[in-house]
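Student: My questions concern the predicted model and sequence given below.
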Amino acid sequence: MPGTGQHRKAKPRTRRLTRLYAAAGTGGAALALPLIGAVHASAATPVVPAPATTATYKVVKGDTLAGIAAAHHVSGGWKALYAANRSVIGADPGLIHPGQTLALKAAPAAKPAARPAAATTAAGGWMKPVGNAAIGTGYKASGSLWSSGSHTGVDFLVGSGTPVHAVAAGTVVSAGWDGAYGNDVIIKHADGKYTLYGHLTQPLVAAGQAVTEGQEIGISGATGNVTGPHLHFEVRTTPYYGSDIDPVAYMASHGITI
């Protein structure tokens, strides 16, 4: 017999893996399922997949690519948005239609770093004012419609409501009503030449404002001395009437064919 007040030391136990069992119903019978340690239960937690990164936007009346790109913070701006949706929009980035669904994820090719240096030099940061619209009346066409006796620019055949873009970066010299030109915008560029965008429904910029290549500067229309809606595009050596030069040759000198 052990002495009074003495306690036997507990018999050392051999360490073993604790197995817990849970009962799972299978048609009325119970099935014992081993659960190996509570710490492993978290492994059964389902993994929630990451949300999709590509969002879409449905075009509504009055939308422009520049406006959509700005509102949805599209990296690369309207050019990236156009590159990602060219198959939906078509050849003219200035023509989008209500009901079209656009992917807001920018195309990789739109990243400036991915553009080869030769492409930047060739185009020189210039573009057409209304995409691939056809030309109606050409430069120096003769007729009684013009006070000088001949056409001082080229007319792009676009309907009212078409977004009009700056062909290159520059500073707005004037924007608003300009007699026979209706509402127009005149921009001075780094080479000292001026471009004019006439017969607009409304300008979207103001005098003194700096603009970038491709920025939307107005909406086409049929204001002023016209027989129908179109964009009158003019290049000048000064901001004033009568100093016009051939816009086709001028744009070609910057790598753009119109």
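Tutor: Arrived safely.
Student: Could you check how many residues crowd around the residue nearest to I135 when sequence neighbours are not counted?
Tutor: In space, and not counting its chain neighbours, I135 is closest to V154: 5.1 Å by C-beta to C-beta, 6 or more residues apart in numbering. Backbone N, C-alpha and C define where each C-beta goes, glycine included. Look at V154: counted by other C-beta atoms under 10 Å, it has 24 neighbours.
Student: Could you report the pLDDT at V154?
Tutor: Note for V154: predicted pLDDT of 96.
Student: quick one: contacts for it?
Tutor: With contacts defined as C-beta atoms under 8 Å, 6 or more residues apart in numbering, the neighbours of V154 are I135, T137, G138, Y139, H232, F233, E234, P247, V248, I258.
Student: what's the answer for G221, then?
Tutor: Contacts for G221 (C-beta under 8 Å, 6+ apart) come out as S160, G161, G182, N183, H199, L200, T201, Q202, P229.
Student: isn't the first one right next to T223, touching?
Tutor: To tie it back to what came earlier, the one meant is S160. No: applying C-beta atoms under 8 Å as the test, S160 and T223 come out as separate, 9.5 Å apart.
Student: so what's in contact with these two at the same time?
Tutor: T201.
Student: of the two, who's got more company?
Tutor: More crowded of S160 and T223, by other C-beta under 10 Å: T223, with 20 against 15.
Student: Setting aside sequence-adjacent positions, which residue approaches that one most closely?
Tutor: Nearest to T223 is G182, by C-beta to C-beta, 6+ apart, at 2.8 Å.
Student: likewise P247?
Tutor: Using C-beta to C-beta, 6+ apart, the nearest residue to P247 is V235, at 4.3 Å.
Student: Distance of the one you found relative to P129?
Tutor: As judged by C-beta to C-beta, to the nearest Å, V235 and P129 stand 11 Å apart.
Student: If we ignore the residues flanking it in sequence, what's nearest I256?
Tutor: Among residues not flanking I256 along the chain, W126 sits closest, at 5.1 Å (C-beta to C-beta, 6+ apart).
Student: Now the terminal residues of stretch 206-220, how far apart.
Tutor: One end of stretch 206-220 to the other measures 16 Å (C-alpha to C-alpha, to the nearest Å).
Student: What residues of that stretch count as buried?
Tutor: Buried residues in stretch 206-220, counting neighbours by 16 or more other C-beta atoms under 10 Å, are found at V211, E213, G214, Q215, E216, I217, G218, I219, S220.
Student: can you pull out the helices in this protein?
Tutor: 65-71, 77-84, 86-89, 117-123, 247-253 (DSSP state H).
Student: Including distance to V59, mean pLDDT and mean neighbour count, could the ones you listed go into a markdown table?
Tutor: As requested, those are exported to a markdown table (distance: least, C-beta to C-beta, whole Å; pLDDT from 0 to 100; neighbours: other C-beta atoms under 10 Å):
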| stretch | distance to V59 | mean pLDDT | mean neighbour count |
| --- | --- | --- | --- |
| helix 65-71 | 8 | 85 | 18 |
| helix 77-84 | 11 | 84 | 22 |
| helix 86-89 | 9 | 86 | 13 |
| helix 117-123 | 27 | 33 | 10 |
| helix 247-253 | 29 | 95 | 17 |
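Student: Is it possible to get CSV of those that adds distance to K193?
Tutor: As requested, the helices of the chain are exported to CSV (distance: least, C-beta to C-beta, whole Å):
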stretch, distance to K193
helix 65-71, 24
helix 77-84, 23
helix 86-89, 30
helix 117-123, 17
helix 247-253, 7
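Student: measure stretch 90-101 end to end?
Tutor: End-to-end distance for stretch 90-101: 13 Å, by C-alpha to C-alpha.
Student: Show me the contact partners of that stretch.
Tutor: Residues from elsewhere that reach stretch 90-101 (C-beta under 8 Å, 6+ apart): 56-61, 63-65, 78-79, 82, 85, 88-89, 102, 130-133, 158, 162-165.
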